[in-house]
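> model the following, please.
(2 chains)
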2 protein chains.
Amino acid sequence: MARPTPLSGFPEWLPEGRLVEQHVLDVLRRTFELHGFAGIETRAVEPLDQLLRKGETSKEVYVLRRLQEEAAAEPDRAGTLGLHFDLTVPFARYVLENAGHLAFPFRRYQIQKVWRGERPQDGRFREFVQADIDVVGAGTLPYHYEVELPLVMAEALGALREIGVPPVRILVNNRKVAEGFYRGLGLTDVEAVLRSIDKLDKIGADAVAGLLVAEAGATEDQARACLALASISGSDESVVERVRTLAGESNELLDEGLAELGALIRAAAVRAPGVVVADLKIARGLDYYTGSVYETVLVGHEQLGSICSGGRYDTLASDGANTYPGVGLSIGVSRLVSRLIGKNLVTTTRSVPSAVLVAVGNEDDRSRSDVVAAALRSRGIPVEVAPSAAKFGKQIRHADRRGIPFVWFVGDDDQAADQVKDIRSGDQVDADASTWAPPEADLWPRVVPA
Amino acid sequence: MARPTPLSGFPEWLPEGRLVEQHVLDVLRRTFELHGFAGIETRAVEPLDQLLRKGETSKEVYVLRRLQEEAAAEPDRAGTLGLHFDLTVPFARYVLENAGHLAFPFRRYQIQKVWRGERPQDGRFREFVQADIDVVGAGTLPYHYEVELPLVMAEALGALREIGVPPVRILVNNRKVAEGFYRGLGLTDVEAVLRSIDKLDKIGADAVAGLLVAEAGATEDQARACLALASISGSDESVVERVRTLAGESNELLDEGLAELGALIRAAAVRAPGVVVADLKIARGLDYYTGSVYETVLVGHEQLGSICSGGRYDTLASDGANTYPGVGLSIGVSRLVSRLIGKNLVTTTRSVPSAVLVAVGNEDDRSRSDVVAAALRSRGIPVEVAPSAAKFGKQIRHADRRGIPFVWFVGDDDQAADQVKDIRSGDQVDADASTWAPPEADLWPRVVPA
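Numbering: from 1, shown residues only, chains lettered A, B, ... in the order given. Down below sits the predicted model:
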């Protein structure tokens, strides 16, 4: 075949880049598990009719067909499978399917690829990795989980600061505040208002005002009030008072939403100071959110868009008899990692796992090098053996090209001791494979700020 | 939605099952990294024409279409994407695409899902996880890698013995032996012979003899000789002599193959005693193998089929100007894990990560439980906080249902100390969140023999 070229929207990393991604995934997984989230995976496919229950994403779905199936001009939706476009819809299905085997509230994390047939852009891919946490209850789910989950994400993303990930700002809002406020104004098509407000960053206030009038049935005054609400933001409870003042008259939904938003802001100020900001323009496109909604920006990289979003949903998982309300957030791992790599924010100490290359003096003696390698590995040291019994200078260059810090020379038959060379300093010392170890910092490749 | 039902061929695990799978993946990854293999991932899709280069699997490919694309009666193969059906073909493409950025010989591991539109059976899925290791050289690749790679897999699978995975037997053969032998007999359609021999376990010797005559142009005598070769197996070098005796006349290809096979058997007898067996009936369906071929059975579960297969390939990755020969093996992780779970060979000490449930005495005091939880987590102890301030008996039952071994009671305002209860023994003692730790065996859920 001719040299292949990359497919736009389907990112792949060189080994160094994969080390960065793997490190990010390991840190996320550890944080999620420390918080008691159990890991699950769901299949990559869902029945198309399930994927299309929420209309917004219908155009982005990849549909599957087996090659030997007859191509139908109009595919049958019921039997057709599509690739999942997020991990929330499959998780809701998993909960319904396995409810009898799960203990509620059920805390799970899920790290998998998802696919969307969108036009690729910077940070927007057709195949990408998401890392989700959700808690779902059976029948009810206390509000405190809406406080807890963004703080888990704050901790997870904060744990990445040491490799050079910029600080994050988690923007929070509450659908009850928005809906209570709009209804208080006399606007009844809440979803249309939210859809318009959701476009604020993209098209600006004037255009959104136009949309509110044209599509949400708002008067000029109502539109202005909606935009005034969207302009409120802050990291302390004064936000609540500003909304109350703007609303004037109060109502039950607004009060409930403001109480929740205030509780979240208060808790976040203690547990993740400076990270969580109330931002009343956060709308989230998906119509299944019913309480808190979250978006997250990398400070200094706001144009990248949200790297961690989610919210509270009450009816996503329901089989008629039972409903499983939940709250969750999803990190766009590929968006984050592509930024870390693309802007050279992080680097790795080497591109291969091996800390040691065991040299081979003579191809007939390879087995002696294998024995040394096995001894080192048995003590947890990553090792590879040289590909050929080339001149030692060439074997050292082989290690150097990979960033392998140590080269091991097996002693000869005259009982000369084994020696190990730090090829960075040139220091070469006698060494015993049953006791020698590299410095901790050299044991495994590390991901560090660039 | 109504309660959904599983999709045949798309396995999903409950949290306990995922713990088993995750443990298997962690052990494989660690072993691969100790041997210096760098992890990569490739996108899930490849151009359909690339996937169909090897005809054998063409019928199993899932083809993708974006929902809003117009359905073409006869899809255009050049622009069409399909889901990869293995990790070898994508890896060969990755090597060609990135050759300028890789250091050769390039050692990589790759753990991902693959998809095949096959009829699901026990241990045969439409979506499953493979864990591959390969080494590819630029231009040349020494034989010793054909010895090394199955031994890495022997070590990786051997490391799973402690959780209850049965011992494995790695069956090896060499295409050069087979081809040299067949050509020595006067048979020239080597691929047709291999395809027939590959069916031996399924259809038996008599039917294969018929196939050899009908499809590979063999005489009855030649067919009998092919079956005699296929009947040879053993774990010491006597195998080489038996092949030589059967072949009678020797030829260069046969000699080379027997020398290689002998070297592998000798090395394996030292480094993985009792694991590697020469088995001259191993053919492997894929036509790109050119040297060693491998299959692996779980002892006592031979009917499950191979759980780790592969071989040497010389021309899979070639862009005309450069060729990258390689050798690799692939573990069928889903097949292995489904057997471990389905036959109750392994179990887990609990289904959730949490070692401790911090009780909540009063919903207004939840933040005090959060502080304890944070203190424990900061020292690496997985913790969750009770979902509600129910009676303590109910909170203990909540922990018990999840297998969480410890429940923590936060001291009251009268300076009473915190206490932690081992709910298995009922022992309850004073404890300080800045110093207490569970026994090592309770820290994380463990996967153990059932």
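
> any stretches of the stretch 51-200 of chain A with poor pLDDT?
Within the stretch 51-200 of chain A, the stretches falling below the threshold (pLDDT under 70) are A:54-59, A:70-78.

> what's the pLDDT at the nearest residue to A:Y143 once chain neighbours are set aside?
Of all residues not flanking A:Y143 in the chain, A:E260 sits nearest, at 5.8 Å (Cβ to Cβ, 6 or more residues apart in numbering or on different chains). C-beta here means a position set from N, CA and C on the backbone, and glycine is covered the same way. A:E260 is assigned a predicted lDDT (pLDDT) of 96.

> for the host helix or strand of A:E260, packing partners?
According to DSSP states H and E, A:E260 maps onto helix A:252-271. In this structure, helix A:252-271 packs against helix A:144-158, strand A:168-174, helix A:175-185, helix A:238-247, strand A:276-279, strand A:289-298, helix B:366-378, with contacts taken as 3 or more Cβ pairs under 8 Å, 6 or more residues apart in numbering or on different chains; DSSP states H and E.

> for it, which positions count as buried?
Neighbour-count burial for helix A:252-271 flags A:253-254, A:256-258, A:260-265, A:267-268, A:271 (criterion: 16 or more other Cβ atoms under 10 Å in any protein chain shown).

> cool, stretch A:433-443 as well?
By 16+ other Cβ under 10 Å, the buried positions in stretch A:433-443 come out as A:A433, A:W436, A:P438, A:D442, A:L443.

> contacting residues around the second one?
If I follow you right, that is A:W436. A:L376, A:V420 (Cβ atoms under 8 Å, 6 or more residues apart in numbering or on different chains).

> report how many residues lie close to the nearest residue to A:L67 once chain neighbours are set aside.
Excluding the flanking residues, the one nearest A:L67 by Cβ to Cβ, 6+ apart is B:V61, at 4.7 Å. Applying other Cβ atoms under 10 Å in any protein chain shown, we find 23 residues neighbouring B:V61.

> A:R53 too?
Counted by other Cβ under 10 Å, the residues lying close to A:R53 total 14.

> mind listing what A:H35 touches?
With Cβ under 8 Å, 6+ apart, A:H35 has these contacts: A:R107, A:I133, A:V152, A:E155, B:R377, B:P382, B:V383, B:E384.

> got TSV for the buried residues of helix A:252-271, with distance to A:R43 too?
Below are the buried residues of helix A:252-271 laid out as TSV (distance: Cβ to Cβ, whole Å):
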residue	distance to A:R43
A:L253	38
A:L254	41
A:E256	38
A:G257	36
A:L258	41
A:E260	35
A:L261	37
A:G262	41
A:A263	37
A:L264	34
A:I265	39
A:A267	36
A:A268	35
A:R271	36
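
> among the residues you listed, which two are most distant?
Taking Cβ to Cβ as the measure, those span a maximum distance of 27.0 Å, between A:L253 and A:R271.

> return the residues in contact with the residue nearest to A:Y143.
A:E260 touches A:Y143, A:E146, A:N174, A:K176, A:G291, A:S292, counting by Cβ under 8 Å, 6+ apart.

> so which of these wins on neighbours?
Greatest neighbour count in those, by other Cβ under 10 Å, goes to A:N174: 30 neighbours.

> how close does that residue get to A:L200?
Per Cβ to Cβ, to the nearest Å, A:N174 is found 17 Å from A:L200.

> swap in A:I232?
Distance from A:I232 to A:L200, counting by Cβ to Cβ: 13 Å.

> just the CA trace of stretch A:100-111, in CSV.
Extracted in CSV, the C-alpha atoms of stretch A:100-111 (Å, rounded to 0.1, in the frame of the first residue of the first chain):
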residue,chain,number,x,y,z
GLY,A,100,-31.9,-5.9,39.6
HIS,A,101,-28.2,-6.5,40.1
LEU,A,102,-27.1,-3.0,41.1
ALA,A,103,-27.1,-1.4,44.5
PHE,A,104,-28.5,2.2,44.5
PRO,A,105,-27.4,4.9,44.7
PHE,A,106,-25.1,3.4,42.0
ARG,A,107,-21.8,5.3,41.5
ARG,A,108,-20.0,4.4,38.3
TYR,A,109,-17.2,5.7,36.2
GLN,A,110,-16.9,4.9,32.5
ILE,A,111,-13.9,5.7,30.2
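
> do you have the strands of the stretch 1-150 of chain A handy? List them.
Along the stretch 1-150 of chain A, counting by DSSP state E, counting those that start in this stretch, strands occupy A:38-39, A:45-47, A:62-66, A:81-83, A:106-115, A:127-136.

> near chain B at all, the third one?
Read it as strand A:62-66. Yes. Counting by Cβ under 8 Å from any Cβ of the partner chain, chain B has neighbours in strand A:62-66: A:Y62, A:V63, A:L64, A:R65, A:R66.

> centre of the chain to that strand, how far?
Remark: strand A:62-66 is offset 26 Å from the chain centroid, using Cα atoms, centre = their mean, to the nearest Å.

> ok, residues contacting it?
Applying Cβ under 8 Å, 6+ apart, the set of residues contacting strand A:62-66 is A:45, A:48, A:71, A:75, A:80-83, A:115-117, B:59-67, B:83, B:117.

> quick check: PyMOL command selecting the buried ones in these.
In PyMOL, this line selects whichever of these come out buried by 16+ other Cβ under 10 Å:
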select buried, (chain A and resi 45+48+75+80+81+82+83+115+116+117) or (chain B and resi 60+61+62+63+64+65+66+67+83+117)
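
> quick check: end-to-end length of stretch A:155-169?
Terminal residues of stretch A:155-169 lie 12 Å apart, using Cα to Cα, to the nearest Å.

> what's it in contact with?
With contact meaning Cβ under 8 Å, 6+ apart, stretch A:155-169 is reached by A:20, A:23-24, A:27-28, A:30-32, A:35, A:154, A:272, A:275-277, A:296-301, A:307-308, A:331, A:336, A:340, A:345-346, A:447-450.

> in helices, which of these fall?
Under the assignment DSSP state H, the contacts of stretch A:155-169 contribute A:V20, A:H23, A:V24, A:V27, A:L28, A:R30, A:T31, A:F32, A:A154, A:L336, A:L340 to helices.

> how close does the third one sit to chain B?
So the one you mean is A:V24. For A:V24, the distance to chain B equals 13 Å [Cβ to the nearest Cβ, to the nearest Å].

> I'd guessed that residue sits against A:V337; true?
Yes. A:V24 lies in contact with A:V337 (Cβ atoms under 8 Å); the separation is 5.9 Å.

> which residues does stretch A:318-325 contact?
Residues contacting stretch A:318-325 (Cβ under 8 Å, 6+ apart): A:92, A:95-96, A:99, A:104, A:136-141, A:290, A:312-317, B:1-3.

> hmm, which of the residues you listed are the buried ones?
A:92, A:95-96, A:99, A:104, A:136-138, A:141, A:290, A:312-314, A:316-317.

> out of these, who's near chain B?
Okay, of these touching chain B (Cβ under 8 Å from any Cβ), that's A:L96, A:A99, A:G137.

> I figured the second one hits A:A138, correct?
Translated: A:A99. Yes. Taking contacts as Cβ under 8 Å, A:A99 lies within contact range of A:A138: 7.3 Å.

> chain B contacts on the stretch 351-450 of chain A?
Proximity of the stretch 351-450 of chain A to chain B is confined to A:351-354, A:366-367, A:370, A:374, A:377, A:380-385, A:387-388, A:398, A:401-402, A:444 under the rule Cβ under 8 Å from any Cβ.

> can you check the stretch 201-350 of chain A too?
Counting by Cβ under 8 Å from any Cβ, the stretch 201-350 of chain A sits next to chain B at A:A267, A:V270, A:R271, A:S318, A:D319, A:G320.

> any idea how far the third one lies from B:D413?
Distance check for A:R271 against B:D413: by Cβ to Cβ, it reads 21 Å.

> just the second one next, same as before
With distances taken as Cβ to Cβ, A:V270 is found 19 Å from B:D413.

> go on, the last one?
Between A:G320 and B:D413 the distance, using Cβ to Cβ, works out to 46 Å.
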